[in-house]
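Chemist: Mind folding the following:
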Amino acid sequence: GSNSKQHELGVRAICNWPDASIANRLLDLIKSETRPELSSMLLSALIRVAPLPDDRTPEARLELLQTAMKLCQKDSERNLVLKRAPAIRSVETLRYVLTFFEQPALAAQAHEAVVELAHHRSLREPNKAEFAAALDQVLAASKDEIVRDRARRYKNGQTWDRKSVGD
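Modeler: Here you go, the predicted structure:
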């Protein structure tokens, strides 16, 4: 509406929507919103709901998350997309995340996303060769000891125990 306060309250309500049924409305609002702080809230909401499991296919959920990535203007927003990506447990998500390894501002979150995807044996095992190559890249590039430990363990088909690092 034309009332600024009511508009802001409406945007806040939509941003707290519990599922992805609001995604198309979020996309429309992001494109038309003139206030940067509200536009940022709407984008964060889209990033939050895009990967949520529902009746959409993993490919459709990933496509929506990729659309959100294209709308990002800051690395903090892009990193949030990469943080949410592992909620879509598919080899296509792995392939997508790998495309960010060469971007210094996004690489650490991309490394973490790969190991989070690799955590799921039911995804990792049928795609063993792709995960092994991705985990090798993480091992070669990551500076985070926990991420490296997880990558090493998942590559060897082991589980990861949070207490094992730094003890």
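
Chemist: Please give me every residue in contact with residue 120.
Modeler: Residues in contact with residue 120, defined by Cβ atoms under 8 Å, 6 or more residues apart in numbering, are residue 89. Just so you know, the C-beta spots here come from the backbone N, C-alpha and C atoms, and that holds for glycine as well.

Chemist: how far away is it from residue 127?
Modeler: Using Cβ to Cβ, to the nearest Å, one obtains 10 Å as the distance from residue 120 to residue 127.

Chemist: Show me where this structure dips below the pLDDT cut-off.
Modeler: Under the criterion pLDDT under 70, the flagged ranges of the chain are 1-2, 160-167.

Chemist: quick one: buried residues of stretch 114-129?
Modeler: 114, 115, 116, 117, 118, 119, 123, 124, 127 (16 or more other Cβ atoms under 10 Å).

Chemist: from memory the fifth one sits against residue 154, does it?
Modeler: Yes. With contact defined as Cβ atoms under 8 Å, residue 118 counts as touching residue 154 (4.0 Å).

Chemist: what residues do those two have in common as contacts?
Modeler: Contacts common to residue 118 and residue 154, judged by Cβ under 8 Å, 6+ apart, are 124, 131, 135.

Chemist: As JSON lines, those with distance to residue 76 and secondary structure would be great.
Modeler: JSON lines is the format used below for the shared contacts of residue 118 and residue 154 (distance: Cβ to Cβ, whole Å; DSSP: H, G, I helix; E, B strand; the rest coil):
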{"residue": "124", "distance to residue 76": "29", "secondary structure": "helix"}
{"residue": "131", "distance to residue 76": "28", "secondary structure": "helix"}
{"residue": "135", "distance to residue 76": "26", "secondary structure": "helix"}
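
Chemist: Make a markdown table out of the residues you listed and add distance to residue 30.
Modeler: Compiled in a markdown table, those are given as follows (distance: Cβ to Cβ, whole Å):
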| residue | distance to residue 30 |
| --- | --- |
| 124 | 34 |
| 131 | 34 |
| 135 | 35 |
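
Chemist: Let me see the ranges of the helices in this protein.
Modeler: Counting by DSSP state H, the chain has helices at residues 4-15, 23-32, 36-49, 58-71, 75-84, 91-98, 104-118, 121-124, 128-141, 145-155.

Chemist: one step back: with distance to residue 16 added, can I get the buried residues of stretch 114-129 in JSON lines?
Modeler: Converted to JSON lines, the buried residues of stretch 114-129 look like this (distance: Cβ to Cβ, whole Å):
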{"residue": "114", "distance to residue 16": "30"}
{"residue": "115", "distance to residue 16": "30"}
{"residue": "116", "distance to residue 16": "25"}
{"residue": "117", "distance to residue 16": "28"}
{"residue": "118", "distance to residue 16": "32"}
{"residue": "119", "distance to residue 16": "29"}
{"residue": "123", "distance to residue 16": "30"}
{"residue": "124", "distance to residue 16": "34"}
{"residue": "127", "distance to residue 16": "35"}
